[in-house]
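In: Here's my sequence, what's the structure:
(2 chains)
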Amino acid sequence: SQQGEEDPQALSIQEGENATMNCSYKTSINNLQWYRQNSGRGLVHLILIRSNEREKHSGRLRVTLDTSKKSSSLLITASRAADTASYFCATVGDGTSYGKLTFGQGTILTVHP
Amino acid sequence: KAGVTQTPRYLIKTRGQQVTLSCSPISGHRSVSWYQQTPGQGLQFLFEYFSETQRNKGNFPGRFSGRQFSNSRSEMNVSTLELGDSALYLCASKVGIGGDIQYFGAGTRLSVL
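Out: Numbering: from 1, shown residues only, chains lettered A, B, ... in the order given. Modelled structure (predicted):
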């Protein structure tokens, strides 16, 4: 079953603009990860944020985590056409879930040149 | 280092048949997880193996099974195929048993006719 919602379901922007995607989840977590998927292929890991962290940066990516609201956001700055993909948040529970990733429904991002 | 390799990439089967999918993890990775991706249900966890033992299992019927070999390669089997089993099956590997970054293969697209 899905962990929660991602919002928006689809986002269309121009190159150079920023893209923000939001993710909500239901249970307590060990960490939250963001993945990118191009055209139904394998997922590529983007960034991992642990439950005791509030913000993390990696290149043009900025992730925030609010455990009190059970939500996270992914910001991609200065978007490029190559950023066009589906983006998924995934949580790892804080119990004995080991490596199980529970995914959100995903946001389809389209960046127009 | 070679990435996660899944074979075959595409597969067409008919209802009632069985199928075996293969996954070779990144060298040194001992954990392998399997996920099913469909347009309706999204990405769902099937199971995780670590050192030849199933550590976690998702909410799928017993027709879905897997195993891991001593070299960490993994196979998943689906028996008595149903139309609803048509999906992209993704394998992911990671070093250990914790909730770390997972590295995904390109997937096997199964079509059941």
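In: beta partners of B:T38?
Out: Taking DSSP bridges as the rule, B:T38 bridges to B:G42.
In: so it touches B:A87, yeah?
Out: Yes - between B:T38 and B:A87 there is a contact under Cβ atoms under 8 Å: 4.6 Å. In this view, the C-beta of every residue, glycine as well, is placed from N, C-alpha and C.
In: okay, those two: which has more neighbours?
Out: B:A87 (22 against 13; other Cβ atoms under 10 Å in any protein chain shown).
In: how about the more buried one, phi and psi?
Out: In this entry, B:A87 is assigned phi and psi values of phi -170, psi 170 (degrees, to the nearest 10).
In: Tell me who's in contact with the residue lying closest to A:R50 once chain neighbours are set aside.
Out: Nearest in space to A:R50, with sequence neighbours left out and distances taken as Cβ to Cβ, 6 or more residues apart in numbering or on different chains, is A:N31 at 4.7 Å. Counting by Cβ atoms under 8 Å, 6 or more residues apart in numbering or on different chains, A:N31 makes contact with A:48-51, A:91-92, B:99.
In: Report the secondary structure state of the one residue in chain A that gets nearest to chain B.
Out: Per Cβ to the nearest Cβ, A:V92 is where chain A lies closest to chain B, at 3.3 Å. Under DSSP: H, G, I helix; E, B strand; the rest coil, A:V92 falls in the strand class.
In: Report how many residues lie close to it.
Out: Other residues lying near A:V92 total 23 when counted by other Cβ under 10 Å.
In: shouldn't it be in contact with A:K100?
Out: Yes - with contact defined as Cβ under 8 Å, A:V92 and A:K100 form a contacting pair (7.0 Å).
In: any chance of the contacts of A:N31 in TSV, with pLDDT, distance to B:K57 and secondary structure too?
Out: Below are the contacts of A:N31 laid out as TSV (pLDDT from 0 to 100; distance: Cβ to Cβ, whole Å; DSSP: H, G, I helix; E, B strand; the rest coil):
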residue	pLDDT	distance to B:K57	secondary structure
A:L48	95	24	strand
A:I49	96	27	strand
A:R50	94	25	strand
A:S51	94	24	coil
A:T91	93	18	strand
A:V92	90	16	strand
B:G99	69	16	coil
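In: Give me the buried subset of those.
Out: Buried members of those, counted by 16 or more other Cβ atoms under 10 Å in any protein chain shown: A:48-49, A:91-92, B:99.
In: Greatest separation within the residues you listed: which pair is it?
Out: A:I49 and B:G99 (11.9 Å; Cβ to Cβ).
In: Spatially central residue in chain B, please.
Out: Nearest residue to the geometric centre of chain B (Cα atoms, centre = their mean): B:W34, 3.3 Å.
In: any idea what sits nearest that one, other than its immediate chain neighbours?
Out: Among residues not flanking B:W34 along the chain, B:L46 sits closest, at 4.1 Å (Cβ to Cβ, 6+ apart).
In: which stretch of helix or strand covers the one you found?
Out: Assigned by DSSP states H and E, B:L46 belongs to strand B:42-50.
In: and the residue nearest to B:W34, what does it touch?
Out: So B:L46 contacts B:33-36, B:57-58, B:60, B:64, B:66, B:76, B:89 (Cβ under 8 Å, 6+ apart).
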